[in-house]
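A.B. asks: please find the sequence and the predicted model below.
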Protein chains: 2
Amino acid sequence: MNPVLRAIRERRNNVNFKPIPIANENLNAILEAGRWAPSWTNSQPWRFIVVKDEKIKEKMSEAVSTFFKMSLREAPLAIAVCVNPELDPFHFVEDGTTATQNMALAAQSLGLSTSWIGVFSMRNEKNSTERKVKAILKVPKKWRLISILPLGVPKFKQRQKRKDLAELLDFNTFHVMEEKERLLETEKTSKVTRKTLVPRSARELGTGIV
Amino acid sequence: MNPVLRAIRERRNNVNFKPIPIANENLNAILEAGRWAPSWTNSQPWRFIVVKDEKIKEKMSEAVSTFFKMSLREAPLAIAVCVNPELDPFHFVEDGTTATQNMALAAQSLGLSTSWIGVFSMRNEKNSTERKVKAILKVPKKWRLISILPLGVPKFKQRQKRKDLAELLDFNTFHVMEEKERLLETEKTSKVTRKTLVPRSARELGTGIV
């Protein structure tokens, strides 16, 4: 397994971080990874906000779901990934996501860890976490906030599992006939996975991307 | 620069591929990279369809925008990334995107290349590329198609550029006052970037994620 495949395989969300600051060199490498993400027609509609201010981080932690509060409190910094739909009206969610995932993998490769908080509200609802965090970070109305990525030295190693590849795979066309069977199988697997993963109610995980 | 940062830095879309098949071992490693992507509450709402059938690939190439037709014709296979919004109603676009980006990076790490075709139609429009390709691949109505990822040995090295990090970066809060200035700067950069990148009209790039 080459180092790229290993980083992909070993990346997990972490919500507990050691009180160790991030070296500028590492932060820069992680932001660079965001910058080199793909985007629709190379529109690069991003703005990355690096939040180190403790008061702002605390406000953000109050806005996100319970599961993620700790990650914003313990991480020495968080990166907020904003996108401008005027620069890409069609695929701005994907653009923000590729940048976030690149940064999460870059952090993993540097011995750091992240907590992928997907705050984007598809329906742009008024009381959404996205709106609350946008207000805290003074993000203009027309911009959208895709994710917040608390970043730090992880306290623990996470071990969430995944479904078997066989459950996810088809050849040439989608096989509807097998779907029922698969879903039953999926349900079984999910129960185990969720038990490992989710310490509180699913409701609290509204913004949780693991 | 470690191998992960290098793969992130060097990954580009390719639309021209050599007529060389993909070893099963490599295909498996790439699909594994998709499987280990993060998703909302670890819901893993994916189905990956590996398309090798030439007739189906040809139909898909007829459905996508001009810029990408070649990639589906020349690549020995394509992976279609589907998601089930019933398993994740809130972040299924992000889920499909993290899996796609992981697979694109895994391919890069194995000396292969991909063409990130973002076919997802945010408004789920009737005549969208997404609907057309879903019909070809017999994807059930309730599932959504996020991307198609033609995969192969690249014929050429691509060199699309990115904006400077300074143009994308803020600290603690979004700086609206600087926005106008930045946008002007962005426009300048975009002209150069687009010239390098876009050989035809932007219209033809409707599904283009670079």
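C.D. replies: All right, it came through fine.

A.B. asks: how is chain A carved up into domains?
C.D. replies: A:3-152, A:165-207 (automatic domain parsing).

A.B. asks: deepest of those, which one?
C.D. replies: domain A:3-152 (a mean of 21; mean count of other C-beta atoms under 10 Å in any protein chain shown). (C-beta placed from N, C-alpha, C; glycine too.)

A.B. asks: can you give me the end-to-end distance of that one?
C.D. replies: End-to-end distance for domain A:3-152: 20 Å, by C-alpha to C-alpha, to the nearest Å.

A.B. asks: what ranges in chain A fall below the confidence cut-off?
C.D. replies: A:177-210 (pLDDT under 70).

A.B. asks: for chain B, find the nearest of the domains of chain A.
C.D. replies: Chain B sits nearest to domain A:3-152 of all those, at 3.4 Å, using C-beta to the nearest C-beta.

A.B. asks: could I get the full set of helices for chain A?
C.D. replies: For chain A, applying DSSP state H gives helices covering A:3-10, A:24-35, A:54-63, A:66-74, A:92-109, A:129-136, A:165-168, A:179-197.

A.B. asks: got CSV for the ones you listed, with distance to chain B too?
C.D. replies: Below are the helices of chain A laid out as CSV (distance: least, C-beta to the nearest C-beta, whole Å):
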stretch, distance to chain B
helix A:3-10, 3
helix A:24-35, 5
helix A:54-63, 6
helix A:66-74, 9
helix A:92-109, 3
helix A:129-136, 8
helix A:165-168, 5
helix A:179-197, 5
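
A.B. asks: from B:T129, how far out is the residue most central in space within chain A?
C.D. replies: By C-alpha atoms, centre = their mean, chain A has its centre lying nearest to A:W116, at 2.3 Å. Separation of A:W116 from B:T129 (C-beta to C-beta, to the nearest Å) stands at 28 Å.

A.B. asks: same question for A:K161.
C.D. replies: 34 Å.

A.B. asks: phi, psi for the closest residue to A:P21 other than its chain neighbours please.
C.D. replies: Ranked by C-beta to C-beta, 6 or more residues apart in numbering or on different chains and with sequence neighbours excluded, the top spatial neighbour of A:P21 is A:P76, at 4.9 Å. With angles defined as degrees, to the nearest 10, A:P76 sits at phi -70, psi -20.

A.B. asks: residues contacting A:P76?
C.D. replies: Shown in contact with A:P76 (C-beta atoms under 8 Å, 6 or more residues apart in numbering or on different chains): A:17, A:19-22, A:52, A:151-152.

A.B. asks: switch to 6 Å and redo it
C.D. replies: A:21-22, A:152 (C-beta atoms under 6 Å, 6 or more residues apart in numbering or on different chains).

A.B. asks: still on that earlier bit, in CSV, list the domains of chain A along with distance to B:Q108.
C.D. replies: Output for the domains of chain A, formatted as CSV (distance: least, C-beta to C-beta, whole Å):
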stretch, distance to B:Q108
domain A:3-152, 7
domain A:165-207, 20
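
A.B. asks: can you say which of those is nearest to B:N102?
C.D. replies: Among those, the nearest to B:N102 by C-beta to C-beta is domain A:3-152 (5.2 Å).

A.B. asks: what strands flank the longest strand anywhere in chain A, and is each parallel or antiparallel?
C.D. replies: Identified as the longest strand of chain A according to DSSP state E is strand A:144-152. When pairing is defined by DSSP bridges, strand A:144-152 lines up against strand A:77-83 (antiparallel), strand A:113-114 (antiparallel), strand A:117-118 (antiparallel).

A.B. asks: turn the helices of chain A into CSV, columns for distance to B:I56.
C.D. replies: Output for these, formatted as CSV (distance: least, C-beta to C-beta, whole Å):
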stretch, distance to B:I56
helix A:3-10, 28
helix A:24-35, 34
helix A:54-63, 46
helix A:66-74, 41
helix A:92-109, 24
helix A:129-136, 38
helix A:165-168, 19
helix A:179-197, 19
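
A.B. asks: surely A:T100 and A:A80 touch.
C.D. replies: No: A:T100 lies out of contact with A:A80 (C-beta atoms under 6 Å); the separation is 9.9 Å.

A.B. asks: returning to what we had before: now for the domains of chain A, which one comes closest to B:K157?
C.D. replies: Per C-beta to C-beta, nearest to B:K157 of these: domain A:3-152, 15.0 Å.

A.B. asks: if I pick the spatially closest residue to A:G152 that is not a sequence neighbour, what's in contact with it?
C.D. replies: Nearest non-adjacent residue to A:G152, counting by C-beta to C-beta, 6+ apart: A:F17, 3.2 Å away. Applying C-beta under 6 Å, 6+ apart, one finds that A:F17 lies in contact with A:74-75, A:152.
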